[in-house]
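>>> give the three-dimensional model of this entry:
(2 chains)
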Amino acid sequence: AQTVTQSQPEMSVQEAETVTLSCTYDTSENNYYLFWYKQPPSRQMILVIRQEAYKQQNATENRFSVNFQKAAKSFSLKISDSQLGDTAMYFCAFKGGSSNTGKLIFGQGTTLQVKP
Amino acid sequence: GAGVSQSPSNKVTEKGKDVELRCDPISGHTALYWYRQSLGQGLEFLIYFQGNSAPDKSGLPSDRFSAERTGGSVSTLTIQRTQQEDSAVYFCASVPGQTYEQYFGPGTRLTVT
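Modelled structure (predicted):
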């Protein structure tokens, strides 16, 4: 069974600094998708960034980028120029390429606090 | 356009009562998911609907949980004889037919007292 592990329950960063959130996963599949979701106190789930496993290039969305290491089954999220609005819980999620349901498997989450 | 909506936003119920949670997906989205988020945890898959196919119920934690999707649109998640461990936020997500991005609703916070 696929699993997703986020080993950092809580992290903090100073405003304007850079922070990296870690995520590892376990799968026997070769084709799959990885996601980072942000959940602010409003509890809305917001898609931050996604990565297809068949793409070697790391995904980037403005201040958010990933370091996808397929062999190591690692998928970390880097937030540059952190802003107060980045304060939230961040979830790493996996979707198997051969999954009939397309369900997402989530990690336990990392709570990020951006300090002024 | 309108996103995924869920009602109620919050629900407090007594142990042993039945509850119904509603999800209105984005119009035209063919797939619909229910997830549960217990306090301080990640989301956990419950059930999946795709068009007219039989739903995948493999994530439902017990036979007290059931869900239906009427007319390929609105879905209701029913929990019978609620228990305290059912307290969680229940999310619904819908997906356009050929893409893989899930659009989440705002969730329903269920508290069983």
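
>>> pLDDT score for the residue positioned nearest the centre of chain B?
Central residue of chain B (C-alpha atoms, centre = their mean): B:Trp34, 3.5 Å from the mean position. B:Trp34 carries a pLDDT score of 97 in this model.

>>> ramachandran coordinates for it?
Note on B:Trp34: its backbone torsions stand at phi -120, psi 140 [degrees, to the nearest 10].

>>> now do A:Asp86
phi -80, psi -10.

>>> and it, how far from B:Leu110?
Distance, A:Asp86 to B:Leu110, by C-beta to C-beta, to the nearest Å: 29 Å. Every C-beta, even on glycine, is put in place using the N, C-alpha and C of the backbone.

>>> over to A:Thr3?
Spatial separation of A:Thr3 from B:Leu110 under the definition C-beta to C-beta is 26 Å.

>>> contact residues of chain A facing chain B?
Neighbours of chain B within chain A, by C-beta under 8 Å from any C-beta of the partner chain: A:4, A:33, A:42-45, A:47, A:50, A:91, A:93, A:95, A:100-109.

>>> end-to-end on stretch A:58-70?
Taking C-alpha to C-alpha, to the nearest Å, the first and last residues of stretch A:58-70 lie 11 Å apart.

>>> before we move on, back to that, beta partners for the residue nearest to the centre of chain B?
B:Ile47, B:Cys92 (DSSP bridges).

>>> so what's it up against?
With contact set as C-beta atoms under 8 Å, 6 or more residues apart in numbering or on different chains, B:Trp34 has these partners: B:23, B:45-48, B:67, B:75, B:77, B:90-92.

>>> among those, which one lies nearest to A:Asn67?
Looking at the contacts of B:Trp34 and their distance to A:Asn67, the nearest is B:Phe45, at 26.5 Å (C-beta to C-beta).

>>> how deep is that closest one tucked in, by neighbour count?
For B:Phe45, the neighbour count with other C-beta atoms under 10 Å in any protein chain shown is 18.

>>> again with A:Phe35
Other residues near A:Phe35 number 23, with proximity taken as other C-beta under 10 Å.

>>> wait, what's in contact with it?
For A:Phe35, the contact set (C-beta under 8 Å, 6+ apart) comprises A:47-51, A:92-95, A:104.

>>> which ones among these map onto strands?
Among those, the ones falling in strands (DSSP state E) are A:47-51, A:92-95.

>>> mind checking which of those are buried?
Buried subset of the ones in strands among the contacts of A:Phe35 (neighbour count, 16 or more other C-beta atoms under 10 Å in any protein chain shown): A:48-51, A:92-95.

>>> show me where chain A has its strands.
Counting by DSSP E, the segments of chain A that form strands are A:3-5, A:10-14, A:19-21, A:24-26, A:32-39, A:46-52, A:60-61, A:64-69, A:74-79, A:88-96, A:105-106, A:110-115.

>>> counting contacts, what elements does the first one pack onto?
When contacts are defined as 3 or more C-beta pairs under 8 Å, 6 or more residues apart in numbering or on different chains; DSSP states H and E, strand A:3-5 packs onto strand A:24-26, strand A:88-96, strand A:105-106.

>>> so which bits of chain B are right by chain A?
Proximity of chain B to chain A (C-beta under 8 Å from any C-beta) is limited to residues B:31, B:33, B:35, B:40-45, B:48, B:50, B:56, B:58-59, B:89, B:91, B:93, B:95, B:100-102, B:104, B:106-107, B:109.

>>> thank you, goodbye.
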